[in-house]
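# The following block contains a protein sequence and its predicted model.
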Amino acid sequence: MEKYVKSFANFAPMTKFVGEYRAKTDDKGRLVFPSAFKSLMDSTRPLRLVVKKNLFSPCLDIFTYEEWERESEEIKSRLNFFNREHAAFWRGYMSGRAMVEPDGKLGRISIPRPLLDSIGVEKEVVFSGNDHKIELWARDRYEASAMPEEEFTALAEKILG
């Protein structure tokens, strides 16, 4: 554990994303990255983001590169690459990822069309802050995924006691 903690000592504190922001894709599939999220990040370094399909929901996960490194290293530390299943898992885990950087002028990001298609994006999207990452949803799927308050309350009671 000590080795694990030391290996991450040089990382900046984790950025916490909160809020929901709507955007529209342009004809080339570009999106304007929310300025509220951009302002949370270290302006002394270029903003690099890693985008991947969420494992459980029809959305994309967007991580700062630093957070992506943190998560990937934690997962990799749990694997044995001489085990075929572990190696196959890692290959699957790393596939379908994209590195994106907002353009300097308008703050637009270009997410590859196959990733946008995988979550059903046609025109409107929602950027949803989810603590250490941002979720990107097709607007209609985001609205359809909203949990009724009674269901959320019951789930909170079950999980948190």
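Noted; the coordinates are in hand.
# Please, where are all the helices along this protein?
Applying DSSP state H to the chain gives helices spanning 2-7, 35-38, 65-76, 84-94, 113-118, 139-144, 149-160.
# mind listing what residue 108 touches?
Contacts here follow C-beta atoms under 8 Å, 6 or more residues apart in numbering; on that basis residue 108 touches 26, 30, 31, 32, 33, 102. In short, each C-beta sits where N, CA and C put it, glycine included.
# before we move on, back to that, of the helices of the chain, which is nearest residue 106?
For residue 106, the closest of the helices of the chain is helix 35-38, at 10.4 Å, according to C-beta to C-beta.
# So residue 152 versus residue 90, what's the distance?
Distance, residue 152 to residue 90, by C-beta to C-beta, to the nearest Å: 34 Å.
# what does residue 160 give?
From residue 160 to residue 90 the distance is 33 Å (C-beta to C-beta).
# Show me which of the two is the more surrounded one.
The neighbour comparison of residue 160 against residue 90 (other C-beta atoms under 10 Å) goes to residue 90, with 15 against 6.
# Just the pLDDT at the more buried one, thanks.
Per-residue confidence at residue 90 stands at 96 (pLDDT).
# For the closest residue to it other than its chain neighbours, give me its contacts.
Leaving aside its sequence neighbours, residue 90 sits nearest to residue 79 (C-beta to C-beta, 6 or more residues apart in numbering; 5.9 Å). With C-beta under 8 Å, 6+ apart as the criterion, the residues that contact residue 79 are 86, 87, 89, 90.
# Tell me which two of those sit farthest apart.
87 and 89 (7.3 Å).
# Any idea how many residues pack against the nearest residue to residue 121 once chain neighbours are set aside?
Nearest residue to residue 121, sequence neighbours excluded (C-beta to C-beta, 6+ apart): residue 138, at 4.7 Å. For residue 138, the neighbour count with other C-beta under 10 Å is 22.
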